[in-house]
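3D model of this:
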Amino acid sequence: MERNNGLTSMMLFMLILVIVNLCVLDFKLFRPDTVKLSDVATQQNLSLTPTVSSSLSKSSTSVPRVQSLSESLAGSANSYTCPVTCLDTIREATRSLALTNPAIGSPINPTQTVQNNPPAVLRESYVPMGGGSTQKNSWTDLMSSDTTIDARLYGTIQEAYFMAQLNNPTQNGIIEAQLYNVTDNNLVWNSTLTMSGPASQSLTSGKITLPAGMKLYRIRLRSGLESPASIENARIRILAY
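Just a heads-up that it's a prediction; the model follows:
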């Protein structure tokens, strides 16, 4: 009886050992829970390599080739025609470029031209008329003073004056001189010079007007008390632009 019990116990122990061995083999072969980090990295690299290469191949095939400028222009010239609206747009773009880029050589603003005109200079001219003398108390024409003046030759006359030196050696009475327009047969208004008292004096008339065209001018002189009187260095001063 004791022998049978021992045999049964041994068989049961062997059975349990077989079951344990089977469990261990199953765990090792079919459930590899512990995986080395190097194995994981290697497996990931191997798995990523074909993906990246395939992605690059796909992207390279999907990205269009960039044409050169000459190829683009040649293709555009051969394949496309520009409508009227396109031409207008090109003209507007070219005009804007010319206005903003000094290298184009176009003016900054073609509608406005800046002219730096120098300021007008007022020119001063003198027309000599000589002189003469008299002892009459009436107006005496001094033929030696005849002078022809064309006012148009002096530009735009702003002012003109009759100037002369009057002499009265005896200092008696009044000496007068005036400018006469022989061509138009009239007195040049505001041209009269008057001296009373001194033996000699340089005088300037008020502003006179010289009409346009060729005119003959003459000096007239008189002495109030018929004393000797003379005029010299007579001239017309002209200020014009």
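
host element of the closest residue to E124 other than its chain neighbours?
Excluding the flanking residues, the one nearest E124 by CB to CB, 6 or more residues apart in numbering is L239, at 5.7 Å. In short, each C-beta sits where N, CA and C put it, glycine included. Element membership of L239 [criterion: DSSP states H and E] is strand 229-240.

neighbouring strands - and their directions - for that strand?
The strands that strand 229-240 pairs with in its sheet are strand 123-134 (antiparallel), strand 157-167 (antiparallel) (by DSSP bridges).

quick one: mean pLDDT over the first one.
Strand 123-134 shows a mean pLDDT of 96.

pull the residues that contact that strand.
The contact list for strand 123-134 (CB atoms under 8 Å, 6 or more residues apart in numbering) reads 140, 142, 144-145, 147, 149, 154-155, 164, 217, 219, 221-223, 228-241.

which of the residues you listed are buried?
140, 142, 145, 147, 149, 154, 164, 217, 219, 221-223, 229-231, 234-238, 240 (16 or more other CB atoms under 10 Å).

ok but C23 is inside a helix, no?
Yes. Counting by DSSP: H, G, I helix; E, B strand; the rest coil, C23 is located in a helix.

distance-wise, check it relative to F13.
Note on C23: its distance to F13, by CB to CB, to the nearest Å, is 16 Å.

contacting residues around the residue nearest to Y154 when sequence neighbours are not counted?
Leaving aside its sequence neighbours, Y154 sits nearest to A240 (CB to CB, 6+ apart; 4.5 Å). Going by CB under 8 Å, 6+ apart, A240 touches L122, R123, S125, Y154, G155, T156, I157, Q158.

go again with 6 Å.
By CB atoms under 6 Å, 6 or more residues apart in numbering, the contact set of A240 is R123, Y154, G155, T156, I157.

what does the helix or strand containing D141 rub up against?
For D141, the host element (DSSP H and E) is strand 140-150. If you take CB under 6 Å, 6+ apart as the criterion, strand 140-150 is touched by 127, 129-130, 132, 134, 214-221.

please repeat the previous calculation with a cut-off of 7 Å.
127, 129-132, 134, 210, 213-222, 234 (CB atoms under 7 Å, 6 or more residues apart in numbering).

ok and that strand relative to strand 229-240, angle-wise?
20 degrees (axes from the mean of the first three to the mean of the last three CA atoms, to 10 degrees).

picking up where we left off before, dump the strands paired with strand 229-240 to JSON lines, plus distance to I175.
Below are the strands paired with strand 229-240 laid out as JSON lines (distance: least, CB to CB, whole Å):
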{"stretch": "strand 123-134", "distance to I175": "9"}
{"stretch": "strand 157-167", "distance to I175": "5"}
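
can you tell me which of those is most buried?
strand 157-167 (a mean of 19; mean count of other CB atoms under 10 Å).
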